[in-house]
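Chemist: Provide a 3D model corresponding to the input given below.
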Amino acid sequence: ESDVGVIGRVLGLGPLATAVIDRMLYLRLEEERMDTQAEEEEEDEYEYDEEDGGDYNDDGILEKNTVVGVEAVESPSTAAGGSGSDNKQPPIQALLVIDRKVDLVTPMLTPLTYEGLIDDVLQIQVGGCVSVKKSIVEPEDQNEQQNQRTRDTNKDPKVLLPLNDSDPLYTEVRDKHVEVFGSFLQNQAKALKESHSQFTNRETARDLSEIHQFVKQIPVFTRNLRSLKNHIHIAELVKSAAEATSFRQRWQTERSMLESESQYDTLEDLIASGEPPYRWLRLFCLQSLTSNGIKATRYESLRKEVVQTYGFEFLMVLNDLEKAGFLRKRETFFMDSMATSYSTLRKSLNLINAEVDPSNPDDPAYVSSGYAPITVRWVQSAMRGFLGLDEALKELPSSGGSGSVRRWIDIEQKCPPESLVEALKQDRGPSLGVLAKKFNESKGRAGEQQERKPVLLVFYVGGITYMEVAALRFLSKRPSFPYAIICCATEIVNGETLLRSLSC
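Modeler: Here you go, the predicted model:
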């Protein structure tokens, strides 16, 4: 906020989001107090200089106790539209802080976008790069001798490939569905080939200016060609993993769990077949989260098999996951079909949309072929002020067992600043959707162009998945969504990295 100005509207979902907002308001109060104190000290010093006249040396130069050329520096709160400022809108109109505990289900799922699958199969590293074997991006027909030496020594060196906005092709393909990104890359290859063949056609005469322009484009063409080759090889690797029988069975198991069906027999079969431990734990946690816990008898049986198959150290891992809320032993004898916290959210937020078309999506649920991340649905619901979602809001996590504990907050920041306690006493403003309309209307009255949407900053406390990033990008690009979304998070996680971080 010190850089872009005070964000007028702030919402928070979950206890950690409330804590972050509380700290943010406290820091604003502290900054205001320090600025006021500094101004008072400057005024006292200036008054003392006028009375004393200052101290001069033998040459008549003022040495101390004098304020020379003091400028009034505009504070961030004033610059953002507080008292004494003009009506200039701040760059960010609203902030939505989301606690990771609001949605523990999504990290356990397998993403079906290009970027999400790369992270799931190859693990995208910090900084936006992926480590792949050199033989993958440089096949045998290009480096036969080198690969022969590699096979002889049983070594296959790895190379780092950047996956960020510096690669234009990656920005276009990263959010494509697994059923689409193969054909998309194929079309890109055809377009690149056609653009090159059109110029190299000997039947077409070229003047010097056209030749000069083509020569200038050679570095760009070479870079694009190298990027295309790399992504084709990575896409082949990722798609082969997605077409494996085990991958499809896992997706079907996840979908059954999302429908609140019990898959205990499948979990036992996966242990017996040697499923990697943390990949199995993702399914185990997903079963618990979508069924309001695991039956006590089943839980003890599965825990015994986990220890026997994966080792006694996973007994401590299971205990850590219980403490973190990913696993829960259900002691009661209620039927699995009874209403649960997840089933309430599934119905209220319309989490399952099996009719979405991955090739031409009209809903964020395309990121997993039919399931929309819970946090993304909350972002959409915030546009309507969470209208009609009273029961769903009760399922948000709280910091304690008291009924008075706030599960979500919606405040407006004032100038001068105020504490969270005081801000919560004020009446809530209009929904974010109405706020966006007012923003556009104010731009229209000012004669400004309305090409750009107002900006919504969504901040995840506890990590964000690539599935959620792709869904938020999809929303931001939709003409019907009133905001352009800027997404920030403490880290980027997937199911394995999140579970490993909790079991250290």
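
Chemist: can you map out the strands along the stretch 51-200 of the chain?
Modeler: Counting by DSSP state E, counting those that start in this stretch, the stretch 51-200 of the chain has strands at residues 55-56, 62-64, 94-99, 129-133, 158-162.

Chemist: how about CSV for the ones you listed, with mean neighbour count and mean pLDDT added?
Modeler: Quick note: C-beta positions are derived from backbone N, CA and C, even for glycine. Converted to CSV, the strands of the stretch 51-200 of the chain look like this (neighbours: other CB atoms under 10 Å; pLDDT from 0 to 100):
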stretch, mean neighbour count, mean pLDDT
strand 55-56, 12, 52
strand 62-64, 10, 43
strand 94-99, 24, 96
strand 129-133, 16, 89
strand 158-162, 15, 88
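
Chemist: could you measure the nearest residue to residue 259 once chain neighbours are set aside against residue 462, distance?
Modeler: Computed as CB to CB, 6 or more residues apart in numbering, the closest residue to residue 259 that is not its neighbour in sequence is residue 352, at 7.2 Å. Distance of residue 352 to residue 462, given as CB to CB, to the nearest Å: 24 Å.

Chemist: Neighbour count: these two, which is higher?
Modeler: A direct count of neighbours by other CB atoms under 10 Å for residue 352 and residue 462 places residue 462 higher, at 21 against 16.

Chemist: phi, psi of the more buried one?
Modeler: With angles defined as degrees, to the nearest 10, residue 462 sits at phi 110, psi 0.

Chemist: And for it, nearest residue in space, chain neighbours not counted?
Modeler: Nearest one to residue 462, counting by CB to CB, 6+ apart, is residue 100 at 2.7 Å.

Chemist: Was I right to think the one you found contacts residue 461?
Modeler: Yes - with contact defined as CB atoms under 8 Å, residue 100 counts as touching residue 461 (6.3 Å).

Chemist: Can you pull the residues that touch both of the two?
Modeler: Common neighbours of residue 100 and residue 461, counting by CB atoms under 8 Å, 6 or more residues apart in numbering, are 14, 16.

Chemist: for the protein, what's the longest helix?
Modeler: Secondary structure assigned by DSSP state H gives helix 15-52 as the longest helix of the chain.

Chemist: and residue 387, how many residues sit next to it?
Modeler: Using other CB under 10 Å: residue 387 sits among 10 other residues.

Chemist: any idea how far residue 111 lies from residue 168?
Modeler: Noted for residue 111: a distance of 22 Å to residue 168, by CB to CB.

Chemist: Among those two, which residue is more densely surrounded?
Modeler: With neighbours defined as other CB under 10 Å, residue 111 and residue 168 compare such that residue 111 has more, 27 against 12.

Chemist: Which parts of the stretch 201-350 of the chain are strands?
Modeler: Going by DSSP E, counting those that start in this stretch, the stretch 201-350 of the chain shows strands at 294-295, 329-330.

Chemist: Pick the most buried one from those.
Modeler: Highest mean neighbour count among the strands of the stretch 201-350 of the chain (mean count of other CB atoms under 10 Å): strand 294-295, with a mean of 21.

Chemist: how about the strands of the stretch 51-200 of the chain, which one is nearest residue 364?
Modeler: Closest approach to residue 364 among those (CB to CB): strand 94-99, 14.8 Å.

Chemist: Could you export the closest one as PDB, CA atoms only?
Modeler: C-alpha atoms of strand 94-99 as PDB (Å, rounded to 0.1, in the frame of the first residue of the first chain):
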ATOM      1  CA  ALA A  94     -10.200  -4.300  -3.700                       C
ATOM      2  CA  LEU A  95      -8.300  -6.900  -1.700                       C
ATOM      3  CA  LEU A  96      -9.400 -10.400  -1.000                       C
ATOM      4  CA  VAL A  97      -7.300 -12.400   1.500                       C
ATOM      5  CA  ILE A  98      -7.900 -16.200   1.500                       C
ATOM      6  CA  ASP A  99      -6.700 -18.600   4.200                       C
END
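
Chemist: start at 233 instead
Modeler: Will do, 233 is the new start, and the previous item becomes strand 326-331.

Chemist: Need the contact partners of it.
Modeler: With CB under 8 Å, 6+ apart as the test, strand 326-331 has contacts from 239-249, 252-253, 607, 610-611, 614, 629, 664, 667, 686-694, 715.
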